[in-house]
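J.: predicted model and sequence below, questions to follow.
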Amino acid sequence: MMMLEAILWSVAAGAALGVPLRAHTLTCEGMAGTVHTNEPSPRLSWLIESETRGTAQTAYQVHAATSVALLESGKPDLWDSGKVASRQSYLIPYGGRRLRSGEPSFWRVRVWDNYGGSSPFSATAEWRSGLHSTNDWGAKWITAATSADFSKSAPAPYLRKAFDLPKKSIARATLRASARGLYVPFLNGRRVGADSFTPGWTDYNRRIQYQTYDVTDRVMSGPNAIGMVLGDGWYCGHVCWFGRNQYGSFPEGLARLTVEYDDGKQDVIVSDGSWKGSAGPILASDMLMGEAYDARREHGSWSESTFDDSKWLPVLAAGSLGHVPIVPQPCEPVRAWKELAPVSFKKDKNGAWVFDLGQNLVGWARLKLSAPAGAEIHLRFAEVLNADGTIYVTNLRSAKQTDTYVAKGAGEETWEPLFTFHGFRYVEVAGLAGEPTSETITGIAAGSDLEQTGLLETSNPLLNQLQHNIWWGMRGNYLEVPTDCPQRDERLGWMGDAQIFAATATFNANVLPFLTKWVTDVADAQTPDGAFPNVAPQSIGLGDGAPAWADAGTIVPWTLYLRYGDARILDRHFGNMAKYVRMIEAANPDLLWRNRSSHNFGDWLSIEADTPRPVLATSYFAHSAWIVSRSAEITGRTDDARAFKKLFEEIRKAFNKAYVKPDGRIEGDTQTLYVLALRFDLLSAENRKRAARFLVEDIQKRKGHLSTGFVGCGHILPALTEAGENDLAYELLLKETFPSWLYSVKRGATTIWERWDGWTEEKGFQDPGMNSFNHYAFGSVGDWMYRVIGGIEPGPPPSPSGSSSGGGQGGRGPGAPGYQSFLLRPRPGGGLTWARASLLSPYGRIVSSWRIEGDVFEYTVEVPPNSTAVAWIPAASEDVTESGKPARSVDGVRYSSFGKGHATYELGSGKYVFRSKLR
Ligand code: BGC
């Protein structure tokens, strides 16, 4: 975090004048490092550095080669793009021949700019093709022979094989591995990599992911050993409340170790019947229930070549790999990202010790202790405490999230589980012999290893805590799939939560690979006739998706397009999106979405407001039709664009006829309905004004409180701001009384609560049947916070009518998505005196930092090379300066207009400091 803060905030670091033009930070499919992908034309991106204002790329040249030597000697045998006149520096499809199975590609790029400058070639980056087909594995699914009863978690299989390598110089060794279940790989006595819960969660009947590790420095000539431990995970452990064995009944591992020598030959060690297996110390492991570990059963050096495995049994090897594609994981795996020391620990009334980590988190605990052999320690995990200081676990429903450790009695012992995670702030430790120390428990926070890209800070500490809560909620719940919550027996990829939060997520982290993978999970779960699910990966029993849940199938790809400029995802999923909308149309000939919405959740968890479900449903039907028409336009499907635009207009007409009364009131008359109708552009100009007025009146009637649930919460502040009611938007955001965002913050929340009334003074805890303290959906306000407080407003800019925002999910206006052109448009309010926002965009760092002193507005901004911005500067007059000079006459700043309390300027790349007078 410290490092990231330095990158995101430091304004002048490295800013020495005369830094020459260069291309750096090369990525493939949105990821840094060696990327493994089966994309035939993976997309390549880079950032540009230049200290000269107004720098834009005018051309690029990419070289790709099968070896570093060829690349560096100027012989790009895979691809020489030639000098391409283009501003594009993000997501350029590789244009060389398709790589062979497992083949590497080394690449670099040079760029030209609008000042006639050119860069040298960048540093070299690498991507590798995955194995093209399951036949390329030559390996078998294996597991330990056992007589276990698979209706409950069985001891985790330990698998191993010793092998010899010839006395030859090793050029490279690569381990590819997967599991039906979970696996942790080992080589020569040590764990390989630091990934958790691999191979990750997909519908294992549709696709299974694998991971690739460079293990060149882990193998040697002579004796070696490879090993794997398997866990149940999503594959055969508990998923939600559906019970165990959703995809299979026991875990199996798959491995292929390729050792390439300098002489061009290679050896391959694969998982097959020659491996040996045994049970070990992990007696049971389950993501919801927890892990039980008996250290007395450890095998010691079991993954070393010297280990005596004569008592282990030959493994069971499956006859064939099956028909399910086994694909390289296209996004970041889960990893531990932070360790937390307890802020306190106390004995509770039952004699157990309760550790407080000071932060609600997703992950597990590391236990450190000295205890006699056979001593049993039980760890239970909870998000909150009862009034008497004991842990509150009723809201976990059937999830036990309990770990058990049996000591081996060998002095200091340290343990952490491999195959389970919990949602918790408090750890109850029972069975300790003596007094614990602050080192007895360490909290380990884990999640999909997303690159943090955004920071937002303001002069209001409560808002900063809210932003903190949003970030922590996202970091933990973005675990393999965007989950609803991490603690109770649920933890599913609920689509409604995912769609409402997606825009916020794009500010906090680079979620392009993560959500792109998840959109594939959504597509995998679509029914043949077009229905998107409620949760993805699909699990049993949750049927056709509800309005605003199923619509994640159109909204999430659209959001990724707006925020990353990725049109490929629209192109790839266009057929699914169109089919979905046509399915609703076919089931509802009058265009009011009432059929095929059997699981309609309405405006889930709204408060004292009842939004009629068909009205909400029809709003989303219209919105999805609109997204499909825009997607068709963007991907060059002219006829579809026209047809879906027409459908959108017809749904809009039907909506107005059925649900909008002559006085402009929408049937149901709730905040959420007005907000959706405004944001989804469902009303005539006159009724827009009325809708805004009804919305304002409803909020006033509630003394400045909201009534929105999951569906309305992310749209209410944007709708108010767009309707010219920015002050009221701030009032809602800053409200401290219930229901409000700051209500939970004032009560010490460190993540976003599932419900506005998760706990209240009057009623205490809400119904434990549904009361999570770590659910990010209401955190969807974060998008507005970055855009309106922070002032980073992604393109495209708002349309001239101002009818819908360019930055939110509306995205109606023309312009360049993905931040090649964007707005810098802070709209201060709520008594804030300063705010600063920063975002590592696809073009580099954007900074938007403002401060009000007296009547002076000071605005420091940074526009990354190869992008442009329009800055809207609050100003009472045209008397605006940049770095002390009249802004109109400064290099790199082009005056655009003045009016309605702000001056606007077009900016090329660079750093600028504006000052204006507010009065
Ligand atoms: C989940 C939600 C989800 C909802 C559907 C709940 O149990 O936790 O977040 O969206 O069901 O209404």
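T.: Okay, I see it. Residues are numbered from 1 along each chain as shown.

J.: thinking Asp521 is in contact with Ala536, fair?
T.: Yes - between Asp521 and Ala536 there is a contact at 4.2 Å, judged by Cβ atoms under 8 Å. The C-beta positions use only the backbone N, C-alpha and C, and glycine is treated the same way.

J.: tell me who's in contact with Gly818.
T.: 90, 561-566, 794-795, 841-842 (Cβ atoms under 8 Å, 6 or more residues apart in numbering).

J.: among those, which are in helices?
T.: 561-564 (DSSP state H).

J.: top of those by neighbour count?
T.: Top of those by neighbour number is Arg563, holding 28 neighbours under the definition other Cβ atoms under 10 Å.

J.: could you measure from that one over to the ligand?
T.: Arg563 sits at a distance of 22 Å from the ligand (criterion: Cβ to the nearest ligand atom, to the nearest Å).

J.: apart from its neighbours in sequence, what residue is nearest that residue?
T.: Thr506 (3.9 Å; Cβ to Cβ, 6 or more residues apart in numbering).

J.: now do the one you found, the pLDDT please.
T.: For Thr506, the model assigns a pLDDT of 98.

J.: that one reaches Val556, doesn't it?
T.: No - Thr506 is beyond contact range of Val556, at 10.4 Å (criterion: Cβ under 8 Å).

J.: and the residue lying closest to Thr638 once chain neighbours are set aside, what does it touch?
T.: Nearest non-adjacent residue to Thr638, counting by Cβ to Cβ, 6+ apart: Ala632, 7.5 Å away. The contact partners of Ala632, by Cβ under 8 Å, 6+ apart, come to 574, 578, 638-641, 644.

J.: now, of those residues, which are buried?
T.: Restricting the contacts of Ala632 to buried positions leaves 574, 578, 640-641, 644, with burial counted as 16 or more other Cβ atoms under 10 Å.

J.: one step back: pull up the overlap in contacts between Asp521 and Ala536.
T.: 481, 493.

J.: what about these two, which has more around it?
T.: Ala536 (31 against 22).

J.: and the more buried one, what does it touch?
T.: Contacts of Ala536 (Cβ under 8 Å, 6+ apart): 481, 493, 495, 518, 521-522, 524-525, 552.

J.: quick revisit: any idea which of the contacts of Gly818 is least confident?
T.: Confidence-wise, Gly795 trails the rest of these, at 79.

J.: flag every residue of the stretch 701-850 of the chain that's near the ligand.
T.: By Cβ under 6 Å from any ligand atom, the part of the stretch 701-850 of the chain that sits against the ligand consists of 770, 775.

J.: rerun at 8 Å
T.: Residues of the stretch 701-850 of the chain lying near the ligand by Cβ under 8 Å from any ligand atom: 710, 754, 770, 772, 775, 777.

J.: same question, the chain
T.: Within the chain, the positions lying close to the ligand (Cβ under 8 Å from any ligand atom) are 484-485, 488, 490, 492, 494-497, 534, 546, 549, 601, 604-605, 710, 754, 770, 772, 775, 777.

J.: next, format the buried ones among the contacts of Ala632 as a markdown table and append pLDDT and secondary structure.
T.: A markdown table is the format used below for these (pLDDT from 0 to 100; DSSP: H, G, I helix; E, B strand; the rest coil):
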| residue | pLDDT | secondary structure |
| --- | --- | --- |
| Phe574 | 98 | helix |
| Ala578 | 98 | helix |
| Asp640 | 98 | helix |
| Ala641 | 97 | helix |
| Phe644 | 98 | helix |
